[in-house]
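>>> Requesting a structural model of the entry that follows:
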Amino acid sequence: MLRTMRPRLLSTALLALGLCCPLSAATVDDLLQEVNQALKPDEISEPGNPARAQAITALLGENLGLSAADLLELRTAGAEAWIDAGRTVEAQAALQTVLASKDAPTSLKERAGLAWVAVWQLSWKQAEKPETVGSVLESLAPFGDLGAAVRARAHTAEAQRLQSGLAALRKALPPKPAEGEAEQALTPAQEAYREVVLTLFKHLDDALTLLADKPPADRVPVYALRVLAMEEAGAKADAVQAWLNGRNDPAANQLLDSAMTASEKFVGQPAPKLKLKRVDGQEGEIDLATLAGKPVLIDFFATWCKPCETVAPIIASAAVKLKEQGVLTIGVTLDTKQTLPNLPAYIAKMGITYPVLGEGLGWDSEIDDAWHVDGIPALVLVGADGKVLAVEQDLIGGTVEETVANVLNRLGQSAKAADPAADPTKPADPAKPAAPAKPGERFIP
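Residues are numbered from 1 along each chain as shown. This is a model prediction of the structure:
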C-alpha cells in the first residue's frame, strides 16, 4: 500500500515546498533536483528501484506551470528513469508521446530517440527469445528522421544483438580443414554465420558513416565494437591494425593507440639495429643489417626462463624446417653473466642449431627495450625488406608444424617455397642431440 501511494505522497511533498504556485522561474532541472532530494539515496542508486521514475511520472499530473516543451522534457526524464528501473513498457509509452509530439524541439527528439534505442536493447535482453524482437530501425521509422546520432545508435544496437549470438552460431560450424586439405563448399551453418558477420559489419560501418561529422570520441566506441567483431570472426592482429590504419580517422587512431600493445604497434616498422657477439661457443658477431634480403626469425629467451623451456624445442625444430624454406633464425638470450654458463647445456638439451647472441646483461640490456620485448619467450619475424612482420602472439604455435605455418603465412609463402638462400652463419656449438624429456615435460624432437 505504501509503495502504491508513494508517487502521490512525494508529489504532495514537492508541492509543499513551493512548487504549487505558477513556476515561471522553475525549470525541469529544478524539479528533478527536488525529486532527488526527497528520495532516499538507495531509492536512486538501487538497481531496478522504480521510486524515482514513479515520482517524476506523478509530477506530470500536477499543475506545475510548465510549458508544453518543458512537460515533454520532464516526460523524457521520466522515461529515462523507467529505463534505469528496467521497466520497458512504461518507458516506451512515455517516449512514444514525446517522439510523436509536434511540440518537441529537435534536440529533445534526439534525446528521446536515443532513449528509445536503449529501451529496445533492454527489451531484447529481457526477452525469452531475443530473436523474436523486431528491428529497432523499423520501430523508429514512424517517428521520422530523428538525426544521425539516433540512426547510428540504432545500427550499433542491431550490431550488438547480432554479435551476442555469434558464439552460438560458431558451435554449429564444422571443424577447420587440416593443413593441406582442400577447401570444401560452405555448409549451411557456415553460410548463416558468414551472413550474420557481414550484416554485423555493415551495421557498424553504417554507424561510422553517420557519425563521420561528429567528434572522434563519438566514433571510438563503434570502432571498438567493429574490432571486437573482427577478432571474433577470426581476424588476426595485423589485419585489424591494417584495417584501422586504413580508416584515416582520428577516432581509429585513438583506439589503435589505446588498445594495441607496444609490440603490436611494432609490426610494420623498420626493425631496430641488432649487432651482438655470439655466446654459443662460436667466435664473432652477427649483424642483422648484413642479412638484408632474407627473412629472419628472432627468438628471445633465457636459460632461467621456465616458460621458455616449454616452447624452446618447438622453436628449435621449427627453425630447422624454416631454414629449408629460406628463413634464418637467430637466438638472443637475456641471460646474465651469472647464468650464461648454463647456455651450452641448454642449447644441447633443446636442440638449438641456430646462432645465439647476447650481452650477459639480462633485462638491463637495451635490446629488449628496442625490440619491445616485455616478456619471454618472444618471437619477432623480420621480413626480407627489413620490416617487422609479426610478433610472438601470431607466431608461436602449439606444435612445430603450427609454428612453421604461422611464420610462412606471415611471409606470404607456402611450405613449397623456392630453393632457400645460403645461410652465412655457422651452426651453434655444441650441437649435441637434445636430452630426452623428463616425465611430464613436453618435448618435440
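>>> Strands of the stretch 151-300 of the chain, residue ranges please.
Taking DSSP state E, counting those that start in this stretch as the test, the strands found in the stretch 151-300 of the chain are 275-277, 285-287, 296-301.
>>> pLDDT (mean, whole number) over the very next helix or strand once past the last one?
Translated: strand 296-301. Helices and strands here follow DSSP states H and E; after strand 296-301, the next one along the chain is helix 306-324. When pLDDT is averaged over helix 306-324, the result is 91.
>>> got any ranges where the chain has weak pLDDT?
Residue ranges of the chain with pLDDT under 70: 1-25, 177-183, 258-266, 392-394, 413-445.
>>> residue contacts, the residue positioned nearest the centre of it?
Geometric centre of the chain, nearest residue: Leu228, 4.3 Å, by Cα atoms, centre = their mean. Contacts here follow Cβ atoms under 8 Å, 6 or more residues apart in numbering; on that basis Leu228 touches Gln163. (C-beta placed from N, C-alpha, C; glycine too.)
>>> hmm, back to that, any chance of a markdown table for the strands of the stretch 151-300 of the chain, columns mean neighbour count?
Putting the strands of the stretch 151-300 of the chain into a markdown table (neighbours: other Cβ atoms under 10 Å) gives the following:
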| stretch | mean neighbour count |
| --- | --- |
| strand 275-277 | 15 |
| strand 285-287 | 15 |
| strand 296-301 | 24 |
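>>> Show me the one of the ones you listed that comes nearest Leu173.
Ranking the strands of the stretch 151-300 of the chain by proximity to Leu173 (Cβ to Cβ) places strand 296-301 first, at 31.9 Å.
>>> Give me the angle between the closest one and helix 306-324.
Comparing the axes of strand 296-301 and helix 306-324 via axes from the mean of the first three to the mean of the last three Cα atoms, to 10 degrees yields an angle of 160 degrees.
>>> Who are the packing partners of strand 296-301?
helix 306-324, strand 328-333, strand 378-382 (3 or more Cβ pairs under 8 Å, 6 or more residues apart in numbering; DSSP states H and E).
>>> how far does the shortest one sit from the chain's center?
To tie it back to what came earlier, the one meant is strand 378-382. Going by Cα atoms, centre = their mean, to the nearest Å, the spacing between the C-alpha centre of strand 378-382 and its chain's C-alpha centre is 23 Å.
>>> Okay, buried residues for the longest helix along the chain please.
Ranked by number of residues, the top helix in the chain under DSSP state H is helix 188-210. Neighbour-count burial for helix 188-210, counted by 16 or more other Cβ atoms under 10 Å, picks out 193, 196-197, 200-201, 203-204, 206-208, 210.
>>> hmm, back to that, now the helices and strands packed on strand 296-301 in JSON lines, with mean neighbour count and distance to Gln126?
As requested, these are exported to JSON lines (neighbours: other Cβ atoms under 10 Å; distance: least, Cβ to Cβ, whole Å):
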{"stretch": "helix 306-324", "mean neighbour count": "20", "distance to Gln126": "45"}
{"stretch": "strand 328-333", "mean neighbour count": "26", "distance to Gln126": "55"}
{"stretch": "strand 378-382", "mean neighbour count": "25", "distance to Gln126": "46"}
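>>> Output these as JSON lines; include the columns distance to Gly360.
Formatted as JSON lines, the helices and strands packed on strand 296-301 follow (distance: least, Cβ to Cβ, whole Å):
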{"stretch": "helix 306-324", "distance to Gly360": "17"}
{"stretch": "strand 328-333", "distance to Gly360": "9"}
{"stretch": "strand 378-382", "distance to Gly360": "19"}
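>>> nearest to Ala157, of these?
Comparing these by Cβ to Cβ, strand 378-382 comes nearest, at 40.0 Å.
>>> For that closest one, which helices and strands make contact with it?
Against strand 378-382 (3+ Cβ pairs under 8 Å, 6+ apart) you get strand 296-301, strand 388-391, helix 400-411.
>>> Please identify which of these is closest to Pro174.
So among those, helix 400-411 is nearest, using Cβ to Cβ, at 19.8 Å.
>>> With just CA atoms, put the closest one into PDB.
Below are the C-alpha coordinates for helix 400-411, written out as PDB (Å, rounded to 0.1, in the frame of the first residue of the first chain):
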ATOM      1  CA  VAL A 400      56.300 -27.400 -34.700                       C
ATOM      2  CA  GLU A 401      54.000 -27.500 -37.700                       C
ATOM      3  CA  GLU A 402      51.800 -24.700 -36.400                       C
ATOM      4  CA  THR A 403      54.800 -22.500 -35.700                       C
ATOM      5  CA  VAL A 404      56.200 -23.200 -39.200                       C
ATOM      6  CA  ALA A 405      52.900 -22.400 -40.800                       C
ATOM      7  CA  ASN A 406      52.400 -19.200 -38.800                       C
ATOM      8  CA  VAL A 407      55.800 -17.900 -39.900                       C
ATOM      9  CA  LEU A 408      55.300 -18.900 -43.600                       C
ATOM     10  CA  ASN A 409      51.800 -17.400 -43.600                       C
ATOM     11  CA  ARG A 410      53.200 -14.100 -42.400                       C
ATOM     12  CA  LEU A 411      55.800 -14.300 -45.200                       C
END
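>>> other SSEs contacting it?
Against helix 400-411 (3+ Cβ pairs under 8 Å, 6+ apart) you get helix 306-324, strand 378-382, strand 388-391.
>>> give me that answer again for 7 Å
helix 306-324, strand 388-391 (3 or more Cβ pairs under 7 Å, 6 or more residues apart in numbering; DSSP states H and E).
>>> in it, what counts as buried?
So for helix 400-411, counting by 16+ other Cβ under 10 Å, buried means 400-401, 403-408, 410-411.
>>> can you pull up the bridge partners for the closest residue to Ala271 other than its chain neighbours?
Spatial nearest neighbour of Ala271, excluding adjacent residues (Cβ to Cβ, 6 or more residues apart in numbering): Val382 at 4.5 Å. Under DSSP bridges, the beta-bridge partners of Val382 are Val296, Val388.
>>> Format the helices and strands packed on strand 378-382 as TSV; extra columns: distance to Ala69.
Shown next, in TSV, are those (distance: least, Cβ to Cβ, whole Å):
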stretch	distance to Ala69
strand 296-301	65
strand 388-391	57
helix 400-411	60
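>>> Stretch 135-154: end-to-end distance?
Taking Cα to Cα, to the nearest Å, stretch 135-154 runs 9 Å from one end to the other.
>>> ok so, going back, right, so of the helices and strands packed on strand 296-301, which gets closest to Lys277?
strand 328-333 (11.2 Å).
>>> Taking helix 306-324 as reference, get the angle to the very next helix or strand once past the closest one.
Next helix or strand after strand 328-333 toward the C-terminus (DSSP H and E): helix 343-350. Note on geometry: by the same axes, to 10 degrees, helix 343-350 and helix 306-324 are set 70 degrees apart in direction.
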